[in-house]
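Trainee: From the sequence below, what's the structure:
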Amino acid sequence: MSTFAVFGMTLDVAKAEARKKVSGTRKNPGAPGGVEPIPEAEWLALVEKRTEKIMGGYVSPALAHVRRPAVRRAVH
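Mentor: Numbers count the residues shown, from 1 in each chain. Below is the predicted model of the structure:
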């Protein structure tokens with residue numbers, strides 16, 4: 001029996017993950033309760049920034065060894 005695996009991240013999955021991770025509030029000691037909501041336009045910009053970070057920095061743990069340079073140090 002053979003096994004087939006695909007490693008990668010799609011933009012839709014990355015955006016959904018970013019929406020879950022980016023908070024809709026921020027700390028503000030002057031606001032009631034110590035937090036204030038982030039305006040939607042600013043929140044969407046934060047989501048896009050997080051999405052780009054997810055897409056650009058994704059490395060599958062199973063393939064991490066492939067991305068490392070295979071350079072050995074010289075022994076003298």
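Trainee: Show residues contacting the helix ranked longest in the chain.
Mentor: In terms of residue count, the longest helix belonging to the chain (DSSP state H) is helix 40-57. Outside helix 40-57, the residues that touch it by CB atoms under 8 Å, 6 or more residues apart in numbering are M9, L11, A14, K15, E17, A18, R19, K21, V22, G24, I38. (Glycine included, C-beta is placed from N, CA and C.)
Trainee: what about 10 Å?
Mentor: Helix 40-57 is contacted from outside by 8-26, 37-39, using CB atoms under 10 Å, 6 or more residues apart in numbering.
Trainee: which among these end up buried?
Mentor: M9, A14, K15, A18, V22, I38 (16 or more other CB atoms under 10 Å).
Trainee: In CSV: those, plus pLDDT, secondary structure and distance to G56.
Mentor: Shown next, in CSV, are the buried ones among the contacts of helix 40-57 (pLDDT from 0 to 100; DSSP: H, G, I helix; E, B strand; the rest coil; distance: CB to CB, whole Å):
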residue, pLDDT, secondary structure, distance to G56
M9, 75, coil, 10
A14, 90, helix, 10
K15, 93, helix, 14
A18, 94, helix, 12
V22, 95, coil, 16
I38, 94, coil, 23
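Trainee: of all those, which two lie farthest apart?
Mentor: Using CB to CB, the two most remote members of these are M9 and I38, lying 24.9 Å apart.
Trainee: Show me which of the buried ones among the contacts of helix 40-57 is closest to P32.
Mentor: Distance to P32 across the buried ones among the contacts of helix 40-57 (CB to CB) is lowest for I38, with 15.6 Å.
Trainee: Is it correct that the closest one is in contact with S23?
Mentor: Yes: between I38 and S23 there is a contact at 7.5 Å, judged by CB atoms under 10 Å.
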